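Asks: quick one, structure for this:
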Amino acid sequence: KISWSSHHSVRGPVRAIVLRFPGLGSAGMRDSADVTELELADRGVLTVWVYQDPWGWMNDATRDLYDAVVTGLRARLRLPDELPLIASGGSMGGHAALTYAFTSRLRVTACHANCPVCDLPFHCTERPDLPRTMHHAFGSYDDINGPLVAHSPLHQVARLPDIPYQIFHGAKDRAVGKANHSDPLVAAMRQRGLNVEYHEAPDMGHCAPLTYALYRRSLDFVCEQIPT
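Replies: The predicted structure is shown next:
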């Protein structure tokens, strides 16, 4: 089994697909929908988790895996290609959501990222546990700056599609520093004229705790992508 989806929980026709990208090191498997997924399912939103390499960093093999899972799921459930496809995740998952938006062969229609890694070359130096994961992801123990730049949202702003973005980042994040990641990315996105909704959370650390207002806003953002 390479993926899990909430299709058994969706009431009525599927109206949108949300890909939830995991954080660094995540290796768990799903057996049921959580509260967020159940609420989205009530609104016709299908949630999908793919069991990717825990150190994948949205390299080309990881992107191809997600493309294949989405394509296969659409065929199995007879879903039209034009259904909204929303990329969502936190930390490495936030990086994945942003990077998938500009590397996927499929059309991503919106992106939500919580405390995302935006500057991949910088992040490689940000903590001592990170270089081994990136050398693993990009298949080299020599200079990997080229692949890091090519998969770094901050360095690839020109390639980001013109879609709605929602970014959360905590001011107290010590794992992925807001000032080096979301702040410069959002500034560059706005300079390009992209539609980005940025929430700077003064009391939040790395991806949590979300206030109830932010949590509700994240669900509303997803549901706003569903055609009326």
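
Asks: burial of S88, as a residue count?
Replies: Counted with other C-beta atoms under 10 Å, residues neighbouring S88 total 23. In this view, the C-beta of every residue, glycine as well, is placed from N, C-alpha and C.

Asks: now it: phi and psi?
Replies: Per-residue torsions, S88: phi -150, psi 140 (degrees, to the nearest 10).

Asks: and if you look at C223?
Replies: phi -70, psi -30.

Asks: contacting residues for it?
Replies: 40, 43, 45 (C-beta atoms under 8 Å, 6 or more residues apart in numbering).

Asks: my read: V50 touches G72, true?
Replies: No - counting by C-beta atoms under 8 Å, V50 does not reach G72; the two are 10.8 Å apart.

Asks: neighbour count: these two, which is higher?
Replies: V50 (21 against 12).

Asks: which SS class is C111?
Replies: Secondary structure, DSSP: H, G, I helix; E, B strand; the rest coil: C111 is strand.

Asks: what's the pLDDT at V10?
Replies: At V10, the model reports a pLDDT of 96.

Asks: so what's it closest to, chain neighbours aside?
Replies: A41 (4.6 Å; C-beta to C-beta, 6 or more residues apart in numbering).

Asks: enumerate every residue touching the one you found.
Replies: Counting by C-beta under 8 Å, 6+ apart, A41 has contacts 6, 9-11, 33, 47.
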